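J.: Here is the input, now give the coordinates:
(4 chains)
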Number of protein chains: 2
Amino acid sequence: MFTELILQSVAKHIHLTEDEQTYFVSLLHPKTIKRKQFILQYGQVCKYSTFVTSGCLRGFSVDENGFEHVLNFGPKGWWIADMYSLISGKPGILNIEAIENTEALTLSKADQEKLYIKIPQFERFFRIITENSLVAYQQRLIDNLSLTAEDRFHNFCKRYPSLINELPKKQIAAYIGVTPEFFSRMQHKLVKMDRNAPIKR
Amino acid sequence: MFTELILQSVAKHIHLTEDEQTYFVSLLHPKTIKRKQFILQYGQVCKYSTFVTSGCLRGFSVDENGFEHVLNFGPKGWWIADMYSLISGKPGILNIEAIENTEALTLSKADQEKLYIKIPQFERFFRIITENSLVAYQQRLIDNLSLTAEDRFHNFCKRYPSLINELPKKQIAAYIGVTPEFFSRMQHKLVKMDRNAPIKR
DNA sequence: ATCATTTCTTATCCTACATCAAGTGTGATC
DNA sequence: GATCACACTTGATGTAGGATAAGAAATGAT
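T.: Model (predicted):
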């Protein structure tokens, strides 16, 4: 069943009755997103959170010079949204796009508020999710402030081992924070040093 | 009264009865922190959140080369903690130090859990606080990926106008993500360009 | 007041990364 | 199966910001 994964993920943090589960599921809307399709674009108001059940999304911003910077990937089992826009109700700056064909469940902001009222435990659930996410961003910020591109790449490999061979390299570069050109050179160097290089292809 | 500020801040997001307020306040412990004193150091487990009622704290990490990187400042009215350590219960990597003599209220993790049970609305309160914090880190990450040091400094000036003339410049540099030397050069340049330079002294 | 410590500045040289430019695959589309 | 669009590579050159060093100014301790 397509809600199995999300119920499992919820069950890790809070315990729901059958009825509560049914109510929760009733608020979710399945969504099919084709590769390269956007579910959110710069300037739009983000009206829902998205839980990925298969495939992968990416959230990124585009700077003044047209360069993309990847904020997060949303592989299977992850939530993704433009949090700034979602909580403020103002137009956001993020784009969210499918990297591959993706199946997801969406939960609108309005329904999320209803959920908080009807099943207050969800306040806890989303608090915990948000806390974990916060810690990840803090760590990434520290990494960006203190590590070289090479070390950041190693961290990326550790943190998202499943993504390394799925993702176009330029997306990894945009996550690490280097140009595709430099990323290419860096890999060349790593391959020379170590024949068990992380990326094949 | 020294709990006035924190109750105001709570009241912005949830509504408490008199009794609830009393219970909440009973869990808070006043703490006086002298300038340069640490309330948390690398390798320790963070056991409480700290709400600053006056003065200012800073959270920073120290990298392999001994350089400090400021993750956040905790001026009056802000919460600060090593979230990673606090939620995982594992030794953390952050240091938290008073930049000036500071008065604060602490809430232990154990008491925070009690609070969640006794007044579930606090799940909501901390969810919202955490969400806002998450958005700030996201934005800062984007800034670090897409802006020059100069632009990041401008953002810092906008976001923390009150801190600019309070803080040692090297701390601002460690927040922006540049060396004190480069920060100094940058300012020199800005002063030349604009006689209304943000920092005096 | 004086000495010590730390912060801030300035100058010179250096490097990790960007930019620009010109390629080579490789898969989609007609 | 030719063309187009992209992802990726490689090389030459440029630059934002780092490293090192050394002095000036501010702060703090005695």
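
J.: Going by C-alpha atoms from here, please, whenever you check contacts or count neighbours.
T.: Noted.

J.: For chain A, which segments count as strands?
T.: A:29-33, A:38-40, A:48-54, A:56-62, A:68-75, A:79-80, A:95-98, A:102-108 (DSSP state E).

J.: Of those strands, which is nearest residue B:91?
T.: Nearest to residue B:91, of all these, is strand A:68-75, at 26.0 Å by C-alpha to C-alpha.

J.: and that closest one, what does it pack onto?
T.: strand A:48-54, strand A:56-62, helix A:169-176, helix B:121-146 (3 or more C-alpha pairs under 8 Å, 6 or more residues apart in numbering or on different chains; DSSP states H and E).

J.: and if we set it to 7 Å?
T.: strand A:56-62, helix A:169-176 (3 or more C-alpha pairs under 7 Å, 6 or more residues apart in numbering or on different chains; DSSP states H and E).

J.: shouldn't residue A:176 be in contact with residue A:152?
T.: Yes: if you go by C-alpha atoms under 7 Å, residue A:176 and residue A:152 touch, sitting 6.1 Å apart.

J.: neighbour-wise, which of those two wins?
T.: residue A:176 (26 against 18; other C-alpha atoms under 10 Å in any protein chain shown).

J.: any idea of the pLDDT on the more buried one?
T.: pLDDT for residue A:176: 95.

J.: likewise the one 3 residues further on?
T.: Note on residue A:179: pLDDT of 95.

J.: Relative to residue B:163, which of the helices and strands packed on strand A:68-75 is closest?
T.: strand A:56-62 (28.4 Å).

J.: OK, contacts around whichever residue of chain A sits closest to chain B?
T.: Using C-alpha to the nearest C-alpha, the single residue of chain A nearest to chain B is residue A:127, 4.4 Å away. Contact analysis of residue A:127 by C-alpha atoms under 7 Å, 6 or more residues apart in numbering or on different chains lists B:123, B:126-127.

J.: at 8 Å instead, please
T.: B:123-124, B:126-128, B:130 (C-alpha atoms under 8 Å, 6 or more residues apart in numbering or on different chains).

J.: hmm, back to that, quick one, which of the helices and strands packed on strand A:68-75 gets closest to DNA strand D.
T.: Ranking these by proximity to DNA strand D (C-alpha to the nearest atom of the strand) places helix A:169-176 first, at 3.5 Å.

J.: Give me the buried stretch members for that closest one, please.
T.: A:170-176 (16 or more other C-alpha atoms under 10 Å in any protein chain shown).

J.: got it, and stretch A:36-54?
T.: For stretch A:36-54, using 16+ other C-alpha under 10 Å, the buried residues are A:37-42, A:44-54.

J.: Could you list which of those residues also contact chain B?
T.: Among these, not one lies near chain B by C-alpha under 8 Å from any C-alpha of the partner chain.

J.: returning to what we had before: looking at the contacts of residue A:127, which is nearest residue B:65?
T.: residue B:130 (30.8 Å).

J.: can you pull the contacts of that closest one?
T.: Here residue B:130 is in contact with A:127, A:130-131, A:134 (criterion: C-alpha under 8 Å, 6+ apart).

J.: Is the residue positioned nearest the centre of chain A bridged to anything, and to what?
T.: Residue closest to the average C-alpha location in chain A (C-alpha atoms, centre = their mean): residue A:74, at 2.9 Å. In this entry, residue A:74 is beta-bridged to residue A:57, by DSSP bridges.

J.: how about stretch A:64-82 as CSV, C-alpha atoms only?
T.: Provided in CSV are the C-alpha atoms of stretch A:64-82 (Å, rounded to 0.1, in the frame of the first residue of the first chain):
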residue,chain,number,x,y,z
GLU,A,64,21.7,36.4,-9.5
ASN,A,65,24.2,34.9,-11.9
GLY,A,66,21.9,32.0,-12.8
PHE,A,67,23.8,29.4,-10.8
GLU,A,68,21.8,26.7,-9.0
HIS,A,69,22.5,25.8,-5.4
VAL,A,70,21.0,22.6,-4.1
LEU,A,71,19.6,23.0,-0.6
ASN,A,72,18.3,19.4,-0.2
PHE,A,73,17.5,16.2,-1.9
GLY,A,74,14.3,14.5,-1.2
PRO,A,75,14.8,10.8,-1.8
LYS,A,76,12.3,8.1,-0.8
GLY,A,77,11.1,8.5,2.8
TRP,A,78,11.9,12.2,3.1
TRP,A,79,9.8,15.3,3.4
ILE,A,80,10.5,18.3,1.3
ALA,A,81,9.0,21.8,1.1
ASP,A,82,10.0,25.5,1.0
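
J.: any idea how far that stretch is from the chain center?
T.: 6 Å (C-alpha atoms, centre = their mean, to the nearest Å).

J.: ditto for stretch A:46-60
T.: 6 Å.

J.: That one close to DNA strand D?
T.: No: applying C-alpha under 7 Å from any atom of the strand, one finds stretch A:46-60 out of contact with DNA strand D, separated by at least 13.3 Å.

J.: Show the average pLDDT along that stretch.
T.: pLDDT averaged over stretch A:46-60 gives 94.

J.: what's the angle from the worst-scoring helix or strand of chain A on mean pLDDT to helix A:169-176?
T.: Using mean pLDDT, DSSP states H and E, the weakest-scoring helix or strand in chain A turns out to be helix A:180-193, at a mean of 86. Between helix A:180-193 and helix A:169-176, the angle comes out at 100 degrees (axes from the mean of the first three to the mean of the last three C-alpha atoms, to 10 degrees).
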